[in-house]
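Chemist: Below are the sequence and a predicted model; questions follow.
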Amino acid sequence: MQLESLVNLKKTIFFLILFFLSFIKLNAQNECATILTSEEEEYLSAAKVLRQAFYSSNKTNADIIYIPVQNHVFHSSNGTGGLLENDITTVIATLNYYYKNSHIVFYECSPTDNINSDTYYDFDNTQESSVASLYDISNVLNIYYCNSVYSSGTSVCGYAHFPSSTPKDRIFLKNSCATNGSSIVHEVGHYFSLYHTHGSSNNGTTTELVNGSNCYTDGDELCDTPADPNIDGLVDANCQYTGNATDANGDFYSPLTDNIMSYSSKSCRDSLTPDQYSRANYSAIYDRAYLSCSSLASYYCGSLGTVWAVKYCDANSNNGAIGITVSGGKQPYQYLWSNGDTVEDISNLSGGTYILIISDAAGCIISDTITVLCYTSSIKEKEINTSFIPYCINGKLEIKYTGNYSFRTNVTIVDILGNVLFSDQVLFSPQTENVIPIEKLNSGMYCITISNQTYKVIYVN
Ligand SMILES: [Zn+2]
C-alpha cells in the first residue's frame, strides 16, 4: 500500500473512532432522577452507625421479609399502549431474582391497577402528588409504569424515594426502562437506602478515596464497592471503564462497571455486592417495617377456595364447559371470566385456557386458570374431575382430592425463593386427604403444582 493511501486510511479510522466515541457519549445518559432530599439525608444519617454496624459484620437477617407491591400501569385514554401483564410478571421476577440475596421477597398485594389516562401516560414529576392522591395504596410499594417520565422537563428512566420519616412509597418508571433488567432493581435499591456507587448525589462525583481509607463515610458508605468517580458515559461496549480520573491523592479510579447502582451502561449492570444486599436488608427490616398488605392471607389462600370440573369438548361443536363450586369466604361471590362471562359456570367453549377471578363480599380475591381441551376424535363429553384443594394445618401441607378414581400424579412444592421442597409422585384415592411428607413448614408462601394442572400459591401461617 502506498504511503499516502495508508495515511488516508489511518485518518479515516481515526475519525470513525471519534465518531463512535461521541455517539457512545451522547447515548450514555443514565437518566436516574432520584434525588436525596435534606429530610431523607437527615433520616438516614440518624441511624448511620447502626446501619454500618449491621453490614460491616456482613449480617443479613435470616428471616424473609415480604414486600407488598401495587403495580399501576398507565395506558392512553383510549386504552392503547402501556405495559402488559407479562411485563409486570417479569418486573416482579427480576426484583426477586436479585433481592432474594437481601432475603426480600416482593409480591403483588392486589392485581395490577390498569389506568387509562392521557394526562399521566406521559408523566411529569410535578404531577406526582395528584397521582399519589388518586391511585396510591398506603403502606405498600406503589410502582407506576408510564410511557415516559419527565423530571424538571428532562426525559428520564425513572426515580424513587429514599427512606425518610415521612416516606413516599412510590417509584415512577418509563416503560422501556422497566423491562431493561436493571433500572427497576436500581430504583428499588434507592427505595432500600442504597446510594449510587459514586455517592448520594445523582450527578456529582465522589469524595471516596481509591485507597479505601474513608469508604465508610464517603461515596455510597460501603467498602466493598470501590471508589467511583461517576462513570456515566465512561464505559465502552465491552463494559470496560475508559476514564482516567484520579482522586485527591492522585490515585486512578478503578470502579465497578457491572454494578446496578452505578451509572455504567445499562446493559453492563447485572450485580450488587454483599454489602449492598446487606444494607438493603437492614433497610427492609428497619426503614420499611410499616409496609403491609392487609388482604395477604385472603388473597393467596384464606378460606376461599374453588373446585372445578372441565368437560372435554368436541372440536367440531365447541361444546366445552367448566363447572365451578366455590366454598369459604363471604357470600355472595362475584365471577369474572377471561372470556367476559360473569356467571359461575360457563359453557359452549372452544378449546383454550380460561382464567377465572372470584371475589367475595369481604374483598378477598382468588383466581384459577383452567384449560379446556378439545378433540376431533370421538371423545365427547368425557367428564374428568381434577379437583384438588391444597390447604395447611399446623404447618403441614395437605391435599384433598375430590375425584372418583385412584391415580398417581406428580406433586411439586417450591418455596418462594424457588427451592424445591418436595417433588414426587403421590397416590390419590377417592375422597381422601393426602398429607405431603415434608418437614414442618415455616411461615411463608409456597407454590404447589399438581399434575401440571393446578397451580396455587398458599400461605402457611
Ligand atoms: Zn439512581
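Modeler: The structure has been received and is ready for your questions.
Chemist: Other residues contacting stretch 260-271?
Modeler: Contacts to stretch 260-271, defined as CB atoms under 8 Å, 6 or more residues apart in numbering, come from residues 28, 30, 32, 98, 177, 180-183, 185-186, 189, 194-198, 220, 225, 228, 230-232, 235, 239, 255-259, 272, 276. C-betas here are computed from N, CA, C, even on glycine.
Chemist: ends of it, how far apart?
Modeler: In stretch 260-271, first residue to last residue: 6 Å (CA to CA, to the nearest Å).
Chemist: What residues of it count as buried?
Modeler: If you call a residue buried by 16 or more other CB atoms under 10 Å, then stretch 260-271 has these buried ones: 260-266, 268-269.
Chemist: so which of these would you say is closest to Val49?
Modeler: Top of the list for closeness to Val49, among the buried residues of stretch 260-271 and by CB to CB, is Met261 at 21.7 Å.
Chemist: Could you confirm that closest one falls within a strand?
Modeler: No: assessed with DSSP: H, G, I helix; E, B strand; the rest coil, Met261 is coil; it does not lie in a strand.
Chemist: What are the phi and psi values at it?
Modeler: Phi and psi for Met261, reported as degrees, to the nearest 10, are phi -90, psi 10.
Chemist: Neighbours of Val73, how many?
Modeler: When neighbours are defined as other CB atoms under 10 Å, Val73 has 22 of them.
Chemist: tell me which of the buried residues of stretch 260-271 is nearest to the ion?
Modeler: Among the buried residues of stretch 260-271, Met261 lies closest to the ion (CB to the ion), at 7.0 Å.
Chemist: distance of that closest one from Thr353?
Modeler: Distance from Met261 to Thr353, counting by CB to CB, to the nearest Å: 40 Å.
Chemist: Ser102 too?
Modeler: Computed with CB to CB, the distance linking Ser102 and Thr353 is 35 Å.
Chemist: which of those two has more neighbours?
Modeler: Relative neighbour count places Ser102 above the other of Ser102 and Thr353, with 27 against 9, counting by other CB under 10 Å.
Chemist: Next one: that one, what pLDDT does it get?
Modeler: As summarised for this prediction, Ser102 has a pLDDT of 90.
Chemist: which residues touch it?
Modeler: Counting by CB under 8 Å, 6+ apart, Ser102 touches 60, 65, 192, 277-278, 280-281, 284.
Chemist: And Ile346, by the same measure?
Modeler: Going by CB under 8 Å, 6+ apart, Ile346 touches 321-322, 337, 339, 354.
Chemist: Tell me how many other residues surround Tyr286.
Modeler: Other residues near Tyr286 come to 15 when the count uses other CB under 10 Å.
Chemist: Kindly list the main-chain dihedrals of it?
Modeler: Backbone dihedrals for Tyr286, given as degrees, to the nearest 10, come out at phi -100, psi -30.
Chemist: I'd like the numbering to begin with 22 instead of 1 from here.
Modeler: Will do, 22 is the new start, and the previous item becomes Tyr307.
Chemist: In a strand, Leu116, correct?
Modeler: No: under three-state DSSP, Leu116 falls outside any strand and is assigned helix.
Chemist: Wait, it touches Gly210, no?
Modeler: No: between Leu116 and Gly210 there is no contact, the gap being 10.3 Å when judged by CB atoms under 8 Å.
Chemist: Compare those two (neighbour count), which wins?
Modeler: Gly210 (28 against 20).
Chemist: Against Phe273, how distant is that one?
Modeler: Here the distance between Gly210 and Phe273 works out to 26 Å (CB to CB).
Chemist: Then Gly233?
Modeler: 14 Å.
Chemist: got it, and Thr81?
Modeler: If you measure Thr81 against Phe273 using CB to CB, the figure is 33 Å.
Chemist: Who has more neighbours out of those two?
Modeler: Applying other CB under 10 Å to Thr81 and Phe273 shows that Thr81 carries more neighbours, namely 19 against 12.
Chemist: quick one: contacts for Leu71?
Modeler: Applying CB under 8 Å, 6+ apart to Leu71 gives the contacts 303, 307.
Chemist: Can you tell me the SS state at it?
Modeler: At Leu71, secondary structure determined by three-state DSSP is helix.
Chemist: Run through the helices of the stretch 172-321 of the chain in chain order.
Modeler: If you assign secondary structure with DSSP state H, counting those that start in this stretch, the helices in the stretch 172-321 of the chain sit at 196-199, 204-212, 295-303, 317-321.
Chemist: So which of those helices is the most surrounded?
Modeler: Most buried of the helices of the stretch 172-321 of the chain, by mean neighbour count (mean count of other CB atoms under 10 Å): helix 204-212, with a mean of 25.
Chemist: Just the mean pLDDT for that helix, thanks.
Modeler: Per-residue scores along helix 204-212 average to 97.
Chemist: Please apply the same query to stretch 85-93.
Modeler: The predicted model gives stretch 85-93 an average pLDDT of 88.
Chemist: Quick one: residues in contact with it.
Modeler: Outside of stretch 85-93, the residues within contact range by CB under 8 Å, 6+ apart are 109, 112-113, 123-131, 133-134, 136, 156, 158, 160-166, 302, 305-306, 309, 312-314, 317, 437-438, 465-466.
Chemist: could you flag which of the residues you listed are buried?
Modeler: Among the contacts of stretch 85-93, those classed as buried by 16+ other CB under 10 Å are 109, 112-113, 123-131, 133, 136, 156, 158, 160-166, 302, 305-306, 309, 312, 314, 317, 437, 465-466.
Chemist: And the pLDDT at Met466?
Modeler: The predicted local confidence for Met466 comes out at a pLDDT of 67.
Chemist: no no, Thr407
Modeler: 44.
Chemist: Grab the longest strand from this structure for me.
Modeler: With residue count as the measure and DSSP state E as the assignment, the chain has strand 86-96 as its longest strand.
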